[in-house]
Each structure stands twice: as structure tokens, then as C-alpha cells.
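K.L.:
Sequence unavailable; structure follows:
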């Protein structure tokens, strides 16, 4: 029987040399009962986070952690939390604090330099930078943002300061190879570039998440968004998740894949109706073959600038 064991060892060694991930998996399967072998990664997705204007003032008064104080363990339990960072992290003074709606400075954001460590403390360790506010303080602003995120150990994707193929975040969580690709109506190059990147990631055996920043604010998903989302799925996306409209938009299944056109606000100081005050978190379980489960977690923006679970 020793010669059989030798042949098996040689086969494993061969695959480990030409396909390292396959060899690693094969060795793991040989050592682990098949009934418990089920690699899975749990990722919580949120929409737009903004830490300027009155949010910044509340954090200064009550401490940075105040904005997440109502969420309990929701952010701690998944392997990773992902959100859209709706502006740069810089050492510039805020121009939006004290501004009024309609004032040009009301929409020019810079977040405190402590924002990156705040995100890391609450397990938001991956953020999208491809959006319409990330360049509010020009290229210096995005360079500062990346420096602060790097120092805090927070990953990012959708970086408009990089070439398209370098804007992808590739993470391996519990043996699940995940690729996070951004589409932004403001910072992405061409649609076919993004479609090609999604296809490339998928064909390399990775599970692809397309996280978008797109569409029109405060209205349902547009037909253009639906066409784009389906192109991403056709190219190999396991799930498409959107941000920017500041309201929760439609959810649909297309070719067996989930599309959430907008998760709405996660941390934001908009309160004029329940549509902008209600956001959605998504707890998504991934296996090597794609999405295995999705749980929707509604949240509500309170006037004290906290975000709370909506019971």
C-alpha cells in the first residue's frame, strides 16, 4: 500500500506546483471530513458613509464612535464590512460645517484624519473610492486618503488615481477568493473596460463583486442602470451592489444573480423623509462558487447622527 500513498502524494505535489490553490485545497480535503469542508466568507455591505457637515460636528462633540454606537455587534460579526467612502480623508479644515443646503460648500467634503482608524475599529476594512466626492480636494485629497487608509489597515478599490486594472481589491477570506470591482458614473473609464475587468477576474476563478456608484438621486433605478448591471452579471459578477441615489432602490434577480441597485444611506445627515433616512445593509455569504445566502438588514438614520437597526 505504500506505493499507492506515494502515487497520491506525487499527484498532490504536481497540482500544488502547477495550480497552488488547487493543491492546497486538495491537501485540505484529504485532511478534513467532507461533511465539514465548506469554505465561506461573510461580508456586510453598506451604502454611503459621509463624515463631514453635521456628522463631523456630532463626532467632535460625542466622539468618533458615536455614529456607530447604535449598531451593537452588527459590524463585528461578519468577516468584513464594505461601504462607499463618500469623500476624502484629509488634514484640510472642513468647508461644509456651518454651510446651508444649496451652498456650494455644502457638497464639498473632507473627513477628519481619524476617520480611517474609526472605520478599522468598526470592521469597515474595505471602502470604495470611486464616487463623485472623492476628488473634492483634488488629487492631493485622494493621496492623503490612501495614506490614512493604508496606515489604518483599511483596503480600498475604485481608486480613480490608478489605471483601471489596478482599481480592483482582491481578498482571500477563509479560502474564498473575492474580487471587488467598482463602476462609477464619475470616475470609471469606459463601460467595456469594467466589463472586461469583471470577465477577467471571473475567468481567473475569483468571485466577483461589482460595487457601483451610479444613477440619479432620490428616484427609482433607471433603465440605464439596469442595462449596466445585467452586463456586469453577464460578464461573470456574482452580485451587483449599488450606491449614490441616497434611497434604497429595487432588488432583482437576473440569471440567478442578485442586483441591489442602491443600498441608500449608511452614515449621512439627511432627514427630510423616511426614504433618505432608511438604508439597507446586506449580509452576504460567499462560497467559492459565488453567493450562498443574503440577509437584508434595514437601518435608520437618527437625528442624533447615529445609524440604528430598524426593528
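P.N.:
All right, it came through fine. Model, not experiment: these values are computed from the prediction.
K.L.:
Distance from stretch 216-234 to the middle of the chain?
P.N.:
Stretch 216-234 has its average C-alpha position 18 Å from the chain's average C-alpha position, going by C-alpha atoms, centre = their mean, to the nearest Å.
K.L.:
can you list contacts of that stretch?
P.N.:
Residues outside stretch 216-234 that contact it (C-beta atoms under 8 Å, 6 or more residues apart in numbering) are 183, 191, 194-195, 198, 210, 212, 214-215, 240, 242, 244-247, 249-250, 252, 254-255, 257, 259, 261-262, 275-276. Bear in mind the C-beta positions are built from the backbone N, C-alpha and C, glycine included.
K.L.:
And stretch 97-114, by the same measure?
P.N.:
With C-beta under 8 Å, 6+ apart as the test, stretch 97-114 has contacts from 50-54, 56-57, 59, 64, 85-96, 133, 136-137, 141, 148.
K.L.:
Selecting buried members of the contacts of stretch 216-234 in PyMOL, what would you type?
P.N.:
Applying 16 or more other C-beta atoms under 10 Å to those leaves a buried subset, and the PyMOL line that selects it is:
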select buried, resi 183+194+195+198+210+212+214+215+240+242+244+245+246+247+249+257+259+261+262+276
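K.L.:
Among the contacts of stretch 216-234, which lie within helices?
P.N.:
The members of the contacts of stretch 216-234 that map onto helices under DSSP state H are 191, 194-195, 198, 275-276.
K.L.:
Mind putting the residues you listed into JSON lines with pLDDT and distance to residue 109?
P.N.:
Rendered in JSON lines, the data for those read as follows (pLDDT from 0 to 100; distance: C-beta to C-beta, whole Å):
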{"residue": "191", "pLDDT": "95", "distance to residue 109": "27"}
{"residue": "194", "pLDDT": "97", "distance to residue 109": "25"}
{"residue": "195", "pLDDT": "98", "distance to residue 109": "30"}
{"residue": "198", "pLDDT": "98", "distance to residue 109": "29"}
{"residue": "275", "pLDDT": "98", "distance to residue 109": "22"}
{"residue": "276", "pLDDT": "98", "distance to residue 109": "17"}
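K.L.:
how about those residues in CSV, adding distance to residue 123?
P.N.:
Supplementary listing: the ones in helices among the contacts of stretch 216-234 in CSV, determined by distance: C-beta to C-beta, whole Å:
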residue, distance to residue 123
191, 32
194, 27
195, 31
198, 26
275, 27
276, 25
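K.L.:
shaky segments in the chain?
P.N.:
Across the chain, the stretches falling below the confidence threshold (pLDDT under 70) are 1-37.
K.L.:
Go ahead and list the helix or strand containing the residue most central in space within it.
P.N.:
Most central residue of the chain, judged by C-alpha distance to the mean C-alpha position with C-alpha atoms, centre = their mean, is residue 82 at 3.4 Å. Secondary-structure assignment from DSSP states H and E places residue 82 in strand 80-85.
K.L.:
ok, residues contacting that strand?
P.N.:
41-49, 75, 111, 119, 122-129, 131, 134, 145, 156, 171, 173, 180, 209, 211, 213, 243-244, 266.
K.L.:
Cross those against strands and list the overlap.
P.N.:
Those of those mapping onto strands are 41-49, 124-128, 156, 171, 173, 180, 209, 211, 213, 243, 266, per DSSP state E.
K.L.:
Please name the nearest non-neighbouring residue to residue 125.
P.N.:
The shortest distance from residue 125 to any residue that is not its chain neighbour, by C-beta to C-beta, 6 or more residues apart in numbering, is 5.3 Å, and that residue is residue 154.
K.L.:
what's the one you found in contact with, if anything?
P.N.:
116, 119-120, 124-127.
K.L.:
redo that, cut-off 6 Å
P.N.:
By C-beta atoms under 6 Å, 6 or more residues apart in numbering, the residues touching residue 154 are 116, 119-120, 125.
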